[in-house]
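S.K.: my questions concern the predicted model and sequence given below.
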Protein chains: 2
Amino acid sequence: MSLWTIDATQPTPELASQLTVSNGLIGIKDLAEIPGLQTGPLTDTVGYVNGFYDYQPIKYGEAQFGFPQRNQMMVPLPAPTRFELWLDGQPVDLNQGTILAQGFHLSMKTGQFEHCMTWEERRTGRQLEIKLQRLTSLKMAALLTQRIQIQPLNFDHGQLRLISGLHVRGMVQPKAFDPRLAGFDTSDILAHQQITSFATDFRGTTFTASHSRQQLSTVTHYDQPGHWLADGNWTSQFDLDRQPVALTKTIWHSLGRATLTALIKRQLMQPFATIAAAQQTALREFWQTSDIQITGDAESQRGIRFSQFGLLQALGIHGGRQGIAAKGLTGSGYSGHYFWDTEIYEAPFFYWNHPKLARRLLMVRYQQLPHAKAYAKSLGLSGALFPWRTINGEESSAYFPASTAAIHIDADIAYLVIRYYQITHDHEFMQNYGVELLLATSRFYLGYGNFDPQKGFVLNTVTGPDEYTALVDNNAYTNYLVQFELRYLTTHYQRADLQRYGVTAAEWTQFKAAAARMYFEKHGDLIAQDDSFLTKRRINLNRIPRDHFPLLMHYHPLVLYRLQVLKQADLLLAMVLLPEQFSDAEVQTSYDYYEPITTHDSSLSPAIYAIAAARLGQASGATKFFKRTVNTDLENLQGNTADGLHLAAMGGSWITFAWGLMGLTVDDHYATLHPVLPHGWTRCTFKLRYRQQRYAITVTPEKLSVSGAPTTVTIDQKQRLITLNPE
Amino acid sequence: MSLWTIDATQPTPELASQLTVSNGLIGIKDLAEIPGLQTGPLTDTVGYVNGFYDYQPIKYGEAQFGFPQRNQMMVPLPAPTRFELWLDGQPVDLNQGTILAQGFHLSMKTGQFEHCMTWEERRTGRQLEIKLQRLTSLKMAALLTQRIQIQPLNFDHGQLRLISGLHVRGMVQPKAFDPRLAGFDTSDILAHQQITSFATDFRGTTFTASHSRQQLSTVTHYDQPGHWLADGNWTSQFDLDRQPVALTKTIWHSLGRATLTALIKRQLMQPFATIAAAQQTALREFWQTSDIQITGDAESQRGIRFSQFGLLQALGIHGGRQGIAAKGLTGSGYSGHYFWDTEIYEAPFFYWNHPKLARRLLMVRYQQLPHAKAYAKSLGLSGALFPWRTINGEESSAYFPASTAAIHIDADIAYLVIRYYQITHDHEFMQNYGVELLLATSRFYLGYGNFDPQKGFVLNTVTGPDEYTALVDNNAYTNYLVQFELRYLTTHYQRADLQRYGVTAAEWTQFKAAAARMYFEKHGDLIAQDDSFLTKRRINLNRIPRDHFPLLMHYHPLVLYRLQVLKQADLLLAMVLLPEQFSDAEVQTSYDYYEPITTHDSSLSPAIYAIAAARLGQASGATKFFKRTVNTDLENLQGNTADGLHLAAMGGSWITFAWGLMGLTVDDHYATLHPVLPHGWTRCTFKLRYRQQRYAITVTPEKLSVSGAPTTVTIDQKQRLITLNPE
């Protein structure tokens, strides 16, 4: 098993997702660059640009007031990687010949995708080797480049014609798709193309989305002589004299209308090797600060690396106001929407390794704050409610019991603000943006909830992380996270600090009272997921046929909502996010109570149980769930990797490793590690960045050690504890 | 004010609903029979046939498993009452002349609609009097007849041409419409027409619904010489020699393909006067057994009569497997669906006056039991769940929190079974159908709910009558009605009686246990609407702008669901339906607590508060809500009478009168009356039928008396109590 690459010889829909190259802005998913040579069934061969979306009007069976009127959908673009070949006037395809050998390869060290084929012409026996390399640049996110090399293997002379572009033979126009919206007509979510000529060597294309009228433009350059055809394709001829033909196509992407500046020209004219070298440098830097090395468990090694690489590809290194879609840029699943997955599952890797990127994620939310304020207002409340799923900041969900009602989204964002600050001490961010986010979301909660004389502060009619229960009262996860936020705000700030936001004394008192009197339904050590959860009929998962999972595909919400059954970790997630607030006995009781009724139908679930198991010293449970998480897409465990990779599981892999196996926690004062090595691991090293310092930690069964530039590191071998305190 | 008629001189959309004639099968809503003479804005001019529906696929923003896939919609038919007139080759319309006078008239004694117009030709000053009479026959439900009389008023000679049919000048095709589905494309809910010729004098037309492929056929007959045109219209010429022209068009309706039997022929050839006389007889019989006479309050007198007439028109007297739609046959509102309104609001008038018709309503449900069993199965449960809204027995609602979750529908039907039996002692019905309905619905509840060790039997995740709260736990209304049903079943029957339905001993024990341990959230005398209702923020209705009502049109469900605010009576309805189960103190406490937070946004609400107020001796409150109920459509109090009459308010008028003002209650042994005369009423008489006996009751401020054929009547003047006990 290669630990730095993904290799395969058969194209499959899952492989297409796994081998997508992306850089936070552009995603390219294509295993059949020459359509005539496509050997397997592939789904959406496509290009994506993060943030380029169209609207679609939402139709409701019975609409209620305030339901969102339009959906955003990431626009699927025709893959710009496609071309056709002609050898002496005959097409190079599966009618004329066969593929003798084929290989696909993605390197996490070079950030390059490769596809090699050997094709034999049936009539003549002539063989061609075709090699494709491509990458989406991490250094310059607008840039996509693809090199094509064609080598005659067993013949001397021939004339090769290459046609490249969006209208080649056998090209299928991509379709917008979201499994949640099956049956929806998305046929008009397709950007209209318009071509702009610049110069002989550069060609601009502007894509305009049908309803949003948003524009995306590309400028394309080929490094070989050729000419543009009337349909927008480009063509060139080559003499094959036992010499390989090499051709590089490079494309610049930007939102708005196509222009051609000197900078863009220069970027486009770089040789492939130059761009590839820069890519390798970027990745070297990335791995230097992020790589986890595991000795004794190659499967986990490759899995955790693939997860980190996936997170990098989804967000990129530079620029952009885009967030991380549920599937990154690897598929049309979930319409390219950003969810709470970002803050809770994906951000931790970034705030512990690449704090600037974590800040970028926070700024995406901050920039969408006006939309969130308008959304709260639409519910008659002040403050801000962030959308459950969105690209541009507007709510894009059509089923409010599992979206708008999931008001924990606000507290999830606040959680990221707080953890980000605890780890980075980025005062400037907190002062200018963070506090405003905390305040706007706290205000929303104060209005949504109310004080009940008996119970205290209640948040009724909400949906927690577990979507197999909806519109309940006092979801414990929500209440714990909101309490954490309100406490943080009111203990770290004085009302005077927030004067510019017009906080009144009454409001400030209410924030404190809501935190202090937050209601939780408790039965001894057992905390109820919500007020009525424990009164419901408890499910026995073993009695449900295996093919009835995921349950939401086989049972009406009214069946699921009135049973004790979980789609995913709920209360346990609160325990994982706020470990200091729960005793081991409480975690153990909850684990024992909730795990047997958790289906893990969501890919967001196993990681959380892994972390809880690790805390409880249950190494085998932790390892089992860890492996399930890192293999989510490598082994297509959810069965839908074809729709795109599960970015939350990739983030979940990292938190399972760091929070779970390494026992990483943080508070206002310290970061602490408390590692438990899984069975078989003989050594493990990883990196963290804490308050501007970098640390490299090595764990063996016998020893703990820290290198880097620590100022204060306390290592307690007996308890296997490391405490980092750089102040 | 005429006490037996509705009269008007201006056509309005509201008037069109008020003056609709219908007979349970056919409804005709048309105030502009000659389109060219239409003077006001009118909505759906249309014909309806109860039970003739089309399907429409339901589109969901985000569908969940088990959501209904298609909607039923009553098909709006082009009104068969329309015609055009030509006088000496010039059209009789508003271009050529003006209407000098016009009158509309509906008699509740004759069951006839009349429309008279005097039209003057502008060019010549010639005047025509046009008089239309029509009725939908109560004796022979398939029959619609319309007589047209045209009289020259101030001229001697002229040639009149009449063209009649579905394609006359200015005819607009009707559209399916449901305010709940605004924005939905219903343009294809329109039956395709096909003409069949029978003989010169009879013309068949078959309407086929686009998706359901259901067929409706009509056979049309004119009693004057004329001929059929190619477009399906019929035409005739008349010489006007100061003689009035009289013409009768009669139409036979039946589901299925058009046929012409001797019976149909005979029916169609009856003179208008014969059909009209039969109609008058039918109504005489109806009023003899139903009329309420109020001395001293003309407004209430007319209102209660209009309500009873409306109920009669919606259900008819004879035949049919059709139920009562929310709007009867007076408009397209709610798509012609049957709701729980039937059992709770409309059936009481029938079971107390026309028990055979109440039985018919029960049989509609019984015949749809197989659908209800399949629906329960789709939720993984045994027994039967009746649909929230339906025509053919399939669920036709697209928003489950306010439909499928309203599982009280089953108990509402069971309530009707029980009351029907208590009043009629119809053993045959109970033995063959009633018990099966009780058992199937009880089984559903046993599966839906569960026993909680602390609370007892709980029904979680339900929606009660008040739709401003949804998906709650232990809605008190639901639990009381279910308890009533389970208790009735298990105390009036032995398990052995139900052997043929395979009732096990365990099941029987559980029925009893569920009834005995049914959970209610109580705080002293105050019963909570559901488990969490009292912990929510209480609304102050006075602080909401008047134009924000109905609230559901101005607030997101998540706003309403987490406030203490009611769309309509909920717990109070249980108290009204099961008066013996609640003390006066409990009713008073509930009234005082819930009435101030009830918006009465539903027309189902005021009647219930009226009845509760009457029980509490609050005559002024009772009278206020009673008047509001009887005037719902006469004064367009909901603002949407144009979409059709509110049949539930018409039923509500009767129960307010009988249960509220007259204090009528019933149990296994007795019926009891305990009247409170509203201020101003000097005398009031009304009729009841109880255990095959008819009673006429007279109430004055001084005296109570009963005439008819009572076997045992106890009158206690001091307490103003009458007890009927014919056994």
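M.R.: Right, received. Where do you want to start? Everything numeric in this text was worked out from a predicted model, so none of it was measured.
S.K.: flag every residue of the stretch 251-400 of chain A that's near chain B.
M.R.: Counting by CB under 8 Å from any CB of the partner chain, the residues of the stretch 251-400 of chain A close to chain B are A:378-380, A:397-400. For glycine as for every other residue, the C-beta is placed from the backbone atoms N, C-alpha and C.
S.K.: of the residues you listed, which belong to helices?
M.R.: Applying DSSP state H to these, the entries found in helices are A:Ser378.
S.K.: between the residues of the stretch 251-400 of chain A next to chain B, which has the most around it?
M.R.: Each of these was scored by neighbours using other CB atoms under 10 Å in any protein chain shown; the highest score is A:Phe400's, at 25 neighbours.
S.K.: quick check: closest non-adjacent residue to the residue nearest the centre of chain A.
M.R.: What sits nearest the mean C-alpha location of chain A, by CA atoms, centre = their mean, is A:Leu647, with 3.5 Å. Nearest residue to A:Leu647 in three dimensions, chain neighbours excluded: A:Gly328, at 4.9 Å (CB to CB, 6 or more residues apart in numbering or on different chains).
S.K.: what's the answer for A:Leu315, then?
M.R.: A:Gly24 (4.7 Å).
S.K.: who's in contact with the residue in the stretch 551-700 of chain A positioned nearest to chain B?
M.R.: Going by CB to the nearest CB, chain B is nearest to A:His556 of the stretch 551-700 of chain A, at 3.3 Å. Residues near A:His556 by CB atoms under 8 Å, 6 or more residues apart in numbering or on different chains: B:64-67, B:378-380, B:400, B:404.
S.K.: do that again at 6 Å, thanks
M.R.: Taking CB atoms under 6 Å, 6 or more residues apart in numbering or on different chains, we find A:His556 in contact with B:65-66, B:379.
S.K.: among those residues, which are within reach of chain A?
M.R.: B:65-66, B:379 (CB under 6 Å from any CB of the partner chain).
S.K.: okay, the residue nearest to A:Leu563 when sequence neighbours are not counted: pLDDT?
M.R.: Closest residue in space to A:Leu563, ignoring its immediate chain neighbours: A:Ile539 at 5.0 Å, by CB to CB, 6+ apart. pLDDT, A:Ile539: 93.
S.K.: now for A:Ile539, how many residues are close by?
M.R.: So A:Ile539, with other CB under 10 Å, has 19 neighbours.
S.K.: distance of it from B:Lys356?
M.R.: In this view, A:Ile539 and B:Lys356 are 47 Å apart by CB to CB, to the nearest Å.
S.K.: now for the helix or strand harbouring A:Arg284, which elements pack on it?
M.R.: Following DSSP states H and E, the helix or strand that holds A:Arg284 is helix A:272-290. Packing contacts for helix A:272-290, counted by 3 or more CB pairs under 6 Å, 6 or more residues apart in numbering or on different chains; DSSP states H and E, involve strand A:143-152.
S.K.: cutoff 7 Å now
M.R.: If contacts are counted by 3 or more CB pairs under 7 Å, 6 or more residues apart in numbering or on different chains; DSSP states H and E, helix A:272-290 sits against strand A:127-136, strand A:143-152, strand A:683-690.
S.K.: can you list the strands that the first one pairs with?
M.R.: It refers to strand A:127-136. Sheet pairing of strand A:127-136 (DSSP bridges) gives strand A:113-121 (antiparallel), strand A:143-152 (antiparallel).
S.K.: can you list the neighbours in contact with stretch A:344-357?
M.R.: A:289-290, A:308, A:311, A:315, A:324, A:358, A:361, A:412, A:416, A:419-420, A:423-424, A:604, A:647-648, A:651-652, A:654-655, A:658, A:687-689 (CB atoms under 7 Å, 6 or more residues apart in numbering or on different chains).
S.K.: my bad, stretch A:317-325
M.R.: For stretch A:317-325, using CB under 7 Å, 6+ apart, the contacting residues are A:24-25, A:50-51, A:74, A:138, A:141, A:282, A:314-315, A:334, A:336-338, A:342, A:346, A:361, A:364, A:367, A:647.
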